[in-house]
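Participant: sequence unknown, structure follows:
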């Protein structure tokens, strides 16, 4: 009987100016999924560790379960049986792409376990099905960077067109998750359906600037382009001390700072690890000044995507 | 007495998805400006060739005149005297950046004539003053690529932030100018002040995709990204046979095709010269089928910006 454990990275969606189109992966945090082949056909969630009992155990309502199931149906292998153990290693509903990391780890793991019948890029639609369960729509701005690693543009959803963007050799991300909750659906609901042409032009300039800055690379251009005039002014209202935490990040040398996904987590990018650590401490201090505790994570941009932690191996019955 | 003749390239602003933020220069067409130093202080437009008498001869109302005058004021050289001859070599009000080319040629020429007191990038604000006279606002999406060459992003206007983008080694532009007139101010007036968030997201995806496609380079990505869901659907109504001409361009192998600036000229991009020529012929045929004659120009992306055609030399009195 075969077993495999896969890590898939957390992700920052939107990345200031790129609402619904930009995302990147980080080395830390991330989720782990262990699959164990079983003689009994079907996908079973046998255990979830680290969710305080909040995630659904039914396969059809669990993001990783759905992703694996959809994948097996697609490759006509519903005869396969697997037991799934999820190790959640990041806060839920935090804007860090928690559901995406589980979906990606699950579908990557089953593809490895079966000897890689599909190339990695082809796994994206199944991971997106997991997102549909978690968020109500099959967004790709978390699953695509978690699956592919690096910085990703979702150029188009219909048809799906995902473009990987080179990033500077050293680029560090600080993530700070304040211990408050923002519902993703609420965060989407408060957005306006219309944008002024003026702000659309400003945002497009920053979108172009950020891609050019990452590819050249040009840290100053990245910094000038990490500006969001459309979403951040609205959603930041849901995050207490957002302005203070952002100011603290910039004052401590961050290239830029904004909301991670739909929040409440915030991200900052920095040129080096030391700056990224200082930025994290300053942001945590800003939250703590009003009594909000937080977790901070500092890592490089993840370039690899999911990673097999324990290769498929024989397990004694 | 010194004299100099400078060519400055025509430009395609907007480039499908990049309204007000993208522009690129072409090798053909372009305008020529000849400056001749005079002992009498002041800037005089002594002749304009090729405008059928339509452009103002007063220095303060002529784009090149204004650009040169503003420049001389800035460097405190109002003692300088120059006679200016403009050779318009492209249709006016055509969406090809005609006024920008004259401004740029003028200000580049006076800077050369005076021994280059300012670096090229610093000439941009003076050329933009010329645009203010011609269009009512100091837009940079024609003057910046005409001055700098290549493909340019105006990331921001306040403060002005211009980013040059690398383009593939071979990339050809077809320009077709149908013999009809569209007023730039009308073309701006019919635009809506609000854009749906959905279309903003689609447009941002294409903006990111086009920059990535140019820089990688990836012709297919460039092609998929040359899509404008905001401006083209509105402005194309002002151009008879727009849809037919665009279809003809794509059917003949163009990577993409849209309105050049505010029209009525159209541009198409192609991988090679032969395709670009065929695309031009097909577009002209589409216009001709409803009795509209046109001019077509095919050239590479201009990488150099303005060019001195005759070096400063002594002219007999």
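Facilitator: Sure, I can see it. Since we're looking at a predicted model, the values are computed, not measured.
Participant: And residue A:105, how far from residue B:221?
Facilitator: 29 Å (CB to CB, to the nearest Å). The way it works is simple: take the backbone N, C-alpha and C, and place the C-beta from them, glycine included.
Participant: Which of those two has more residues huddled nearby?
Facilitator: Between residue A:105 and residue B:221, counting by other CB atoms under 10 Å in any protein chain shown, residue A:105 is the more crowded of the two (34 against 22).
Participant: Report the contact partners of that one.
Facilitator: A:6-8, A:30-33, A:64, A:306 (CB atoms under 8 Å, 6 or more residues apart in numbering or on different chains).
Participant: do the same with residue A:308
Facilitator: Applying CB under 8 Å, 6+ apart, the residues near residue A:308 are A:4-6, A:109, A:112.
Participant: go on, residue A:186?
Facilitator: Residue A:186 touches residue A:238, counting by CB under 8 Å, 6+ apart.
Participant: I'd guess it is in a helix, am I close?
Facilitator: Yes. When classified by DSSP: H, G, I helix; E, B strand; the rest coil, residue A:186 is found to be part of a helix.
Participant: Number of residues surrounding residue A:47?
Facilitator: 12.
Participant: What ranges does the stretch 101-250 of chain A have for its helices?
Facilitator: With DSSP state H, counting those that start in this stretch as the criterion, the stretch 101-250 of chain A has helices at A:124-135, A:143-148, A:184-189, A:197-215, A:219-225, A:232-235, A:242-251.
Participant: Any buried residues in the shortest one, and which?
Facilitator: When burial is assessed from 16 or more other CB atoms under 10 Å in any protein chain shown, helix A:232-235 yields the following buried residues: A:232, A:235.
Participant: Quick one: check that helix for contact with chain B.
Facilitator: No. Helix A:232-235 stays clear of chain B (CB under 8 Å from any CB of the partner chain), getting no nearer than 10.8 Å.
Participant: Where strands are concerned, which of the contacts of residue A:105 count?
Facilitator: Those of these mapping onto strands are A:6-8, A:30-33, per DSSP state E.
Participant: Which of those residues sits closest to residue A:170?
Facilitator: Distance to residue A:170 across the ones in strands among the contacts of residue A:105 (CB to CB) is lowest for residue A:30, with 20.2 Å.
Participant: give me every residue that touches the residue nearest to that closest one when sequence neighbours are not counted.
Facilitator: Excluding the flanking residues, the one nearest residue A:30 by CB to CB, 6 or more residues apart in numbering or on different chains is residue A:9, at 4.4 Å. By CB under 8 Å, 6+ apart, residue A:9 lies in contact with A:25-27, A:30, A:101, A:145-146, A:149, A:302, A:305-306.
Participant: go again using 10 Å as the cut-off
Facilitator: Residues in contact with residue A:9 (CB atoms under 10 Å, 6 or more residues apart in numbering or on different chains) are A:24-31, A:90, A:96-97, A:100-101, A:104-105, A:145-147, A:149, A:299, A:301-307.
Participant: what's the pLDDT at the closest residue to chain B within the stretch 51-200 of chain A?
Facilitator: When distances are taken as CB to the nearest CB, the stretch 51-200 of chain A reaches nearest to chain B at residue A:155, 3.9 Å away. Note on residue A:155: pLDDT of 98.
Participant: I'd like the distance between it and residue A:213.
Facilitator: Distance from residue A:155 to residue A:213, by CB to CB: 18 Å.
Participant: between the helices of the stretch 101-250 of chain A, which gets nearest to residue B:168?
Facilitator: Short answer: helix A:197-215, nearest of these by CB to CB, at 13.9 Å.
Participant: Next, the angle from the closest one to helix B:197-215.
Facilitator: Counting by axes from the mean of the first three to the mean of the last three CA atoms, to 10 degrees, helix A:197-215 lies at 30 degrees to helix B:197-215.
Participant: Name the residues of helix A:197-215 that are buried.
Facilitator: Residues of helix A:197-215 classed as buried by neighbour count (16+ other CB under 10 Å): A:197, A:199-215.
Participant: Next, the buried residues of the helix or strand that contains residue A:26.
Facilitator: Under the criterion of DSSP states H and E, residue A:26 resides in strand A:22-38. Residues A:22-37 are the ones in strand A:22-38 that count as buried (16+ other CB under 10 Å).
Participant: near chain B, which residues of the stretch 51-200 of chain A?
Facilitator: A:153-159, A:161, A:163-166, A:191-200 (CB under 10 Å from any CB of the partner chain).
Participant: just the buried members of these?
Facilitator: A:153-157, A:161, A:163-166, A:195-197, A:199-200.
Participant: Among those, which lie within strands?
Facilitator: Those of those lying in strands (DSSP E): A:153-157, A:161, A:163-165, A:195-196.
Participant: Touching, residue A:55 and residue A:84? I think so.
Facilitator: No. In terms of CB atoms under 10 Å, residue A:55 does not count as a neighbour of residue A:84; the distance is 11.6 Å.
Participant: what sits in contact with each of these two?
Facilitator: Common contact partners of residue A:55 and residue A:84 (CB under 10 Å, 6+ apart): A:45, A:48, A:62, A:64-65, A:102.
Participant: Just the ones of the residues you listed in helices?
Facilitator: A:64-65, A:102 (DSSP state H).
Participant: Least reliable of the helices of the stretch 101-250 of chain A by average pLDDT, please.
Facilitator: Among these, helix A:184-189 has the lowest mean pLDDT, at a mean of 72.
Participant: now stretch A:145-161, how far from the chain's geometric center?
Facilitator: 12 Å (CA atoms, centre = their mean, to the nearest Å).
Participant: Do me a favour and get the end-to-end distance for that stretch?
Facilitator: With CA to CA, to the nearest Å as the measure, the first residue of stretch A:145-161 is 13 Å from its last.
Participant: Repeat that for stretch A:50-57.
Facilitator: End to end - CA to CA - stretch A:50-57 spans 13 Å.
Participant: go on, stretch A:182-192?
Facilitator: 18 Å.
Participant: Pick out the residue of the stretch 201-317 of chain A closest to chain B.
Facilitator: residue A:209 (4.0 Å).
Participant: got the contact list for that residue?
Facilitator: A:17, A:218, A:221-227, B:21, B:153-156, B:161, B:163, B:207, B:211.
Participant: May I have the secondary structure class of residue A:11?
Facilitator: Under three-state DSSP, residue A:11 comes out as strand.
Participant: That one and chain B, how far apart?
Facilitator: For residue A:11, the distance to chain B equals 17 Å [CB to the nearest CB, to the nearest Å].
Participant: follow-up on the earlier one: show me the contacts for the residue of the stretch 51-200 of chain A closest to chain B.
Facilitator: Residue A:155 neighbours (CB under 10 Å, 6+ apart): A:21, A:161-163, B:202, B:204-210, B:212-213, B:221, B:224-225, B:227.
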